[in-house]
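Visitor: missing the sequence, but the structure's below:
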RNA sequence: GGGGGUGUAGCUCAAUUGGUUAGAGCGCUGCCCUGUCACGGCAGAGGUUACGGGUUCGAGCCCCGCCACUCCCGCCA
């Protein structure tokens, strides 16, 4: 029995035709003298009817023994449903198939969790869903995500090819690079003590492709980073990786500095206001020593107005304070504007001029909650940035802030600092990656005043999520050498060992080039409206990097270790 | 590495704050049922309260440890 139609296909126009459907038993409704079975495939579902007056007894009895998720094929006549029994919830709800023949392709055990009821299934523990991922993937929600992912991948490829980009696959077995994320290593059987590394991104190969004359490259590339996971971070993930000439930017641009000043984040969510305001000058000589002291130490005073949050309980204020402290704040000063007066433990320190400045800049009204941070510029901005998002969450929960679900605020963040300083290791490191070109007029400061150097780097942000980033690459070997050796303090020997091939490639005619990488999983998650990229990856890993379905990672045999010239120092904990 | 949350029947949850035999809905099993689509009715089975200790006359509940999942900080060029 070969399927003639899929389960979302039959309509009144098919009435009278003979059809064969195959798929899973979605649900069985056994009325005793009559059995309805909904058959589901990935396209949808169709009701079939088993009527004993019309069927051999044997078939009817077999239908009665079926349970959810058995795999069957049926043949029968498509007919109109009796008046008043249409099912408006499904697309095939006007017709049904009167079964003549049934083939049971496979029985199914009782399921560990329901897949037929979207409401129940969506609440099932994710641990269980991951363990039985194949069942989870049958749920319409997951099936839709996986399909959308496939469609977006195809659309991407069609678009890129039209624009003259070539998809080139780059090796997964690559070489370890000292900068950047922790890598996965692959021991080399052929030469003891040598290793491949899985790429954190196809970065270096794609630059080589530029030198190789590809001109416009893209790839849906798998990347690997052995770092701790988040809802939007997996050990292995997919990037839409692009390299070519300067990328056109149709979206709003905002500088890194402005993004921090206004939103307290380098990936601002601009779908709502509540912007930060600066009060450094106003409090420079304030009687409130916490503020004036921070300014004297070279810091700033920032504030934000959480409109309508004056009703926050002491507990909520406490929670916010703890939250702020977890980001390095020393405390969280606040003012509640309630009943026509300003209520705050620090009210007594403010004079009228300061109050007037606050009222003016923050547009303070009855019912507002004002929150302060006084610290070094970056710290103060980031703390209030986190508090801003927290407050937005609370206001959303109270229905005081609504954001249209189909609103996507895309923007470019530009003028990032090229370098950041690592206090622990006492050295500079690349904010983005070591191949990012400095802004031309800043190159002179590379060795004398590294913090002043801006990178030709841009992040693409949507709704507060970093979707991707790109940069104009260094294509002059001398600048690249300076970055490696003098700024990042990688020794000439190490540089030659790790990046020699790249520096050499640049000597043979390297065109200027820029690239961008978009987090494909994050993009799909945003399009699917889910907060976790696990929902758009067919087989994701848990927060600890395990695969609950296959139980990986797992030990290997002593022989495998011997072949790889490896010896274990610590055995697996039992 | 650190902080928070969760873990009770196959699933989703409850258990009056330490007190009788740990309950409900769904699912499952059996019987009944010819127009259901969350079918319905009757009956029934099903529990190492994640795991290991401890306190107590008595622990799902308190304490210590441990495991798993999850959210966040660090980390993620």
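Guide: That came through fine. These numbers come from a predicted model, not from an experiment.
Visitor: Please count neighbours and contacts with C-alpha atoms only from this point.
Guide: Fine.
Visitor: Tell me where the stretch 1-150 of chain A has strands.
Guide: A:18-30, A:35-41, A:44-50, A:71-80, A:95-106 (DSSP state E, counting those that start in this stretch).
Visitor: can you list those strands in CSV and add mean pLDDT and mean neighbour count?
Guide: Output for the strands of the stretch 1-150 of chain A, formatted as CSV (pLDDT from 0 to 100; neighbours: other Cα atoms under 10 Å):
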stretch, mean pLDDT, mean neighbour count
strand A:18-30, 96, 20
strand A:35-41, 96, 23
strand A:44-50, 96, 22
strand A:71-80, 96, 21
strand A:95-106, 96, 20
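Visitor: With distance to residue A:449 added, can I get those strands in a markdown table?
Guide: Converted to a markdown table, the strands of the stretch 1-150 of chain A look like this (distance: least, Cα to Cα, whole Å):
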| stretch | distance to residue A:449 |
| --- | --- |
| strand A:18-30 | 66 |
| strand A:35-41 | 63 |
| strand A:44-50 | 63 |
| strand A:71-80 | 69 |
| strand A:95-106 | 71 |
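Visitor: and residue A:371, which of these is closest to it?
Guide: Nearest to residue A:371, of all the strands of the stretch 1-150 of chain A, is strand A:44-50, at 51.4 Å by Cα to Cα.
Visitor: And the closest one, what does it pack against?
Guide: Judged by 3 or more Cα pairs under 8 Å, 6 or more residues apart in numbering; DSSP states H and E, strand A:44-50 is in contact with strand A:35-41, strand A:95-106.
Visitor: Is there any residue in it that contacts RNA strand B?
Guide: Yes. Strand A:44-50 lies within reach of RNA strand B by Cα under 7 Å from any atom of the strand, at A:47, A:49.
Visitor: Please enumerate residues in contact with the longest helix seen in chain A?
Guide: The residue-count maximum for a helix in chain A (DSSP state H) belongs to helix A:140-162. For helix A:140-162, the external contacting residues (Cα atoms under 8 Å, 6 or more residues apart in numbering) are A:42, A:118, A:136-137, A:166-167, A:218, A:220, A:524, A:528, A:535-538.
Visitor: so who does residue A:17 touch?
Guide: A:77-78.
Visitor: And it, how close does it get to RNA strand B?
Guide: Distance from residue A:17 to RNA strand B, counting by Cα to the nearest atom of the strand, to the nearest Å: 16 Å.
Visitor: Phi first, then psi, for that residue.
Guide: phi -80, psi 160 (degrees, to the nearest 10).
Visitor: Retrieve the pLDDT associated with it.
Guide: Looking at residue A:17, its pLDDT stands at 97.
Visitor: where's it relative to residue A:76, distance?
Guide: Residue A:17 is 8 Å from residue A:76, where distance means Cα to Cα, to the nearest Å.
Visitor: Then residue A:560?
Guide: 55 Å.
Visitor: Over to residue A:233?
Guide: Taking Cα to Cα, one finds residue A:233 at 48 Å from residue A:76.
Visitor: and the nearest residue to residue A:101 once chain neighbours are set aside, what does it touch?
Guide: Counting by Cα to Cα, 6 or more residues apart in numbering, residue A:101 lies nearest to residue A:75, which is 5.1 Å off, once chain neighbours are set aside. Residue A:75 is in contact with A:1, A:18-21, A:97, A:99-102, counting by Cα under 8 Å, 6+ apart.
Visitor: where do the helices sit along the stretch 451-574 of chain A?
Guide: A:477-482, A:492-506, A:520-528, A:558-563 (DSSP state H, counting those that start in this stretch).
Visitor: May I see those helices organised as TSV, with distance to residue A:449 and mean neighbour count added?
Guide: As requested, the helices of the stretch 451-574 of chain A are arranged in TSV below (distance: least, Cα to Cα, whole Å; neighbours: other Cα atoms under 10 Å):
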stretch	distance to residue A:449	mean neighbour count
helix A:477-482	14	17
helix A:492-506	21	15
helix A:520-528	36	22
helix A:558-563	49	12
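Visitor: can you list those in CSV and add distance to RNA strand B and mean pLDDT?
Guide: Formatted as CSV, these follow (distance: least, Cα to the nearest atom of the strand, whole Å; pLDDT from 0 to 100):
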stretch, distance to RNA strand B, mean pLDDT
helix A:477-482, 14, 91
helix A:492-506, 13, 90
helix A:520-528, 12, 95
helix A:558-563, 23, 96
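Visitor: For residue A:283, which of those helices is the nearest?
Guide: Among the helices of the stretch 451-574 of chain A, helix A:520-528 sits nearest to residue A:283 (Cα to Cα), with 41.1 Å.
Visitor: what angle do the closest one and helix A:140-162 make?
Guide: 120 degrees (axes from the mean of the first three to the mean of the last three Cα atoms, to 10 degrees).
Visitor: tell me what helix A:520-528 is packed against?
Guide: Taking 3+ Cα pairs under 8 Å, 6+ apart as the contact cut, helix A:520-528 packs with helix A:140-162, strand A:236-244.
Visitor: got the ones you listed as a markdown table, with mean pLDDT columns?
Guide: A markdown table is the format used below for these (pLDDT from 0 to 100):
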| stretch | mean pLDDT |
| --- | --- |
| helix A:140-162 | 96 |
| strand A:236-244 | 94 |
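Visitor: Deepest in the core, which of those is it.
Guide: strand A:236-244 (a mean of 22; mean count of other Cα atoms under 10 Å).
Visitor: Look up how far RNA strand B lies from the residue nearest to residue A:80 when sequence neighbours are not counted.
Guide: Nearest residue to residue A:80, sequence neighbours excluded (Cα to Cα, 6+ apart): residue A:95, at 4.6 Å. Distance, residue A:95 to RNA strand B, by Cα to the nearest atom of the strand: 8 Å.
Visitor: Could you do residue A:57 as well?
Guide: Taken as Cα to the nearest atom of the strand, the span from residue A:57 to RNA strand B is 11 Å.
Visitor: Quick check: buried residues in stretch A:509-520?
Guide: A:510-520 (16 or more other Cα atoms under 10 Å).
Visitor: now swap in stretch A:442-457 and tell me
Guide: Buried residues in stretch A:442-457, counted by 16+ other Cα under 10 Å: A:443, A:446, A:450, A:453-457.
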